[in-house]
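Q: Here's my sequence, what's the structure:
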Amino acid sequence: AGSGHIAGVVNPPAAGKYQYWTNPGAHTTLEDFVAGATETKGSWWPDWVEWLRALGAETVAADGARLPGEGTLPALGEAPGEYVRSR
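A: Numbering: from 1, shown residues only. Sure thing, here's the model as predicted:
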């Protein structure tokens, strides 16, 4: 991703702010990969979802999702959390 791997993961595809590069085959160096790579504007998420669906169309509900404070551990506070605001 063009803006770092975290930005490419946390920003939704609709933001349209990023790009990614692809190059089929195995490459032993970054230079080899870049030399034949194709830049694609936008998020890699839609291509990833398409790839996953090609492997199998079956989907399953996420298991284990919980709401903070409803388990055995208490919530530490309201989101986004005090650590976000502290300097």
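Q: make it CA atoms for all contacts and neighbour counts henceforth
A: OK.
Q: for Pro46, what are its contacts?
A: By C-alpha atoms under 8 Å, 6 or more residues apart in numbering, Pro46 lies in contact with Pro13.
Q: Now name the helix or strand holding it.
A: helix 45-55 (DSSP states H and E).
Q: Mind exporting the C-alpha coordinates of that helix to CSV?
A: Provided in CSV are the C-alpha atoms of helix 45-55 (Å, rounded to 0.1, in the frame of the first residue of the first chain):
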residue,chain,number,x,y,z
TRP,A,45,-9.6,-4.8,-0.1
PRO,A,46,-12.0,-5.4,-3.1
ASP,A,47,-9.4,-7.5,-4.9
TRP,A,48,-8.6,-9.4,-1.7
VAL,A,49,-12.4,-10.1,-1.2
GLU,A,50,-12.7,-11.3,-4.8
TRP,A,51,-9.7,-13.6,-4.3
LEU,A,52,-11.2,-15.0,-1.1
ARG,A,53,-14.6,-15.6,-2.8
ALA,A,54,-12.9,-17.4,-5.7
LEU,A,55,-11.5,-19.9,-3.1
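Q: three-state assignment of Trp21?
A: Three-state call for Trp21 (DSSP: H, G, I helix; E, B strand; the rest coil): strand.
Q: For the residue nearest to Gln19 when sequence neighbours are not counted, give me its contacts.
A: Closest residue to Gln19 apart from its sequence neighbours, by C-alpha to C-alpha, 6 or more residues apart in numbering: Lys41 at 4.3 Å. Shown in contact with Lys41 (C-alpha under 8 Å, 6+ apart): 16, 18-20.
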